[in-house]
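A.B. asks: based on what follows, work out the 3D shape:
(one chain, ligands or ions: 1)
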Amino acid sequence: MPEIPAAAVELMKFLAESATSAHAVEAAAGMLDRLGFDRRSERERWDGAPSKPFYVTRGLGSLVAVVPGASPPWESGFRIVGAHTDYPGFRLKPSPVRMKGSSAMLGVEVYGSPIIATWFDRDLTLAGTAWFGKPGEAPEPRLWRLEGPVCRISMPAMHLNRGVNDEGFTFNKEENLCPMLVLSGVTADSLARAIADACSERPDRLAGFAGHVVDCQPAAVGGLAGEMIFSGRIDNLAMTHAAVRSLAGLRNPATTAVACVFDNEEVGSSTFSGAASNFLDAVLERICSPAGREGLFRAIPRSVMVSADAAHAFNPCYEGRFDRENRPLLNGGPVIKVNSMQRYSTSAPTSAYFAECARAAGVQVQSYVSRNDMPCGSTIGPIISSRLGIAAVDAGNPTLSMHSVREAAGVEDHGMMISVLMKHMEGCIPV
Ligand SMILES: [Zn+2]
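C.D. replies: Residues are numbered from 1 along each chain as shown. The predicted structure follows:
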């Protein structure tokens, strides 16, 4: 089997660490900490233009990281890469433990648009955020993850669902989607105790928690020739990793480079830390503070953003769902995504700009456009581009089975995307 590219190995580790958007931001911040980035807080005073690389987080699932350029942004603009840290799946309801017969089941809410059927009969665990503290104190957030497969959502047996292969698998989202946690003898406190244990904390200090259902299976290299990565969460933790990793690899960029990764894209981005919030705007304005708001207004038209999100790879078993001339292949290189209805932010000039970054990196690009009789997804690209007035291009790596619990990507594409994003962030390609 050929050797796996180093970028793909790094990605697989990141996918395993990133059980939730908060875990993804913790892993990304760890990468930046090891490289000596300063950690800033939105609550503190920021004096002057930054002279050192830094990052700032908002909520637990969003992060903006900046590497200052040789010239200030009001002279040369920003080179931005944006991605999202969340993925579709299931969130625990408040008071999630409920008894059905003698079994303790979990009440869950659907988050975003997962392909729900793929979550049945999988080895699942729970992960999330918990807050600990005494009454009257601001509680401290902690991340948690339970070890091993602690629950499963069970399909009915073939014998109890005879039509399943011909009529399709149907289910009720409230009644049939409850992960089974314990067969008998559980109390509502058991889950709280397990979460406190996972945080090495006392259960009586637990002020609250939020939980996600998480697929346990780690990423694997797949295919007879080892050409693919099989994993959950590729959309869009792969591009979260690519955004932060390409920024982390920069040395003395000509312009100010920014990687921004946001929570809540799968549910529309309109949260206090999502792409529709003022998080990125506030960071850019504060960087421009030596030149005032005027500095920001001069920087914006000199800037360009790559909205990096998964692209649909050609699936040979569903040939008719793809435009014949624009069907990206795994390991064929990054994909420029186009939609005339502007569900993607790409325009002719920004498409040419991304292609030029790829040419400079020695990487081939592909293109994707949906068929007129197929719907088209969207990204954070149009949201940020329209609100801030920054020209943007939507691009991503080819991905199979997007929104399935187990997606697939090519082992070669990740390193290629990082090379292109680095060319973009170095700021040497004219805008
Ligand atoms: Zn996505």
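A.B. asks: alpha carbons only for contacts and neighbour counts from here, please
C.D. replies: Noted.
A.B. asks: which stretches in the protein count as helices?
C.D. replies: Assigned by DSSP state H, the chain shows helices spanning 6-17, 21-34, 73-76, 164-167, 188-198, 234-248, 279-287, 292-299, 348-361, 380-388, 413-426.
A.B. asks: show me what the last one is packed against.
C.D. replies: Okay, so that is helix 413-426. On a contact count with 3 or more Cα pairs under 8 Å, 6 or more residues apart in numbering; DSSP states H and E, helix 413-426 meets helix 6-17, strand 78-84, helix 234-248, strand 256-262, helix 348-361.
A.B. asks: for the ones you listed, give me CSV that also has mean pLDDT and mean neighbour count.
C.D. replies: Listed next are these as CSV, based on pLDDT from 0 to 100; neighbours: other Cα atoms under 10 Å:
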stretch, mean pLDDT, mean neighbour count
helix 6-17, 98, 18
strand 78-84, 98, 29
helix 234-248, 98, 27
strand 256-262, 98, 29
helix 348-361, 98, 18
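A.B. asks: which of the ones you listed sits closest to the ion?
C.D. replies: Comparing these by their distance to the ion (Cα to the ion), the top pick is helix 234-248, with 4.8 Å.
A.B. asks: returning to what we had before: quick one, which of the helices and strands packed on helix 413-426 is nearest to Pro94?
C.D. replies: Closest approach to Pro94 among the helices and strands packed on helix 413-426 is made by strand 256-262 (24.1 Å; Cα to Cα).
A.B. asks: run the angle between that closest one and helix 413-426 for me.
C.D. replies: If you take axes from the mean of the first three to the mean of the last three Cα atoms, to 10 degrees, strand 256-262 sits at 130 degrees to helix 413-426.
A.B. asks: within the sheet, what are the partner strands of strand 256-262, with directions?
C.D. replies: Strand pairing for strand 256-262, determined by DSSP bridges: strand 62-67 (antiparallel), strand 78-84 (parallel).
A.B. asks: tell me which residues are up against the shortest one.
C.D. replies: The set of residues that contact strand 62-67 without belonging to it, under Cα atoms under 8 Å, 6 or more residues apart in numbering, is 21-22, 25, 52-57, 85, 244, 247, 250, 253, 256-263, 273-274, 280, 283.
A.B. asks: Tyr55 is in contact with Leu35, isn't it?
C.D. replies: No. When contacts are counted by Cα atoms under 8 Å, Tyr55 is not listed as touching Leu35 (11.5 Å).
A.B. asks: who has more neighbours out of the two?
C.D. replies: Tyr55 (21 against 12; other Cα atoms under 10 Å).
A.B. asks: tell me the contacts of the closest residue to Asn278 other than its chain neighbours?
C.D. replies: Excluding the flanking residues, the one nearest Asn278 by Cα to Cα, 6 or more residues apart in numbering is Phe272, at 7.8 Å. By Cα under 8 Å, 6+ apart, the contact set of Phe272 is 59, 278-279.
A.B. asks: measure how buried Pro218 is and give me the count.
C.D. replies: The number of residues near Pro218, taken as other Cα under 10 Å, comes to 13.
A.B. asks: what does Pro141 give?
C.D. replies: Pro141: 15 neighbours (other Cα under 10 Å).
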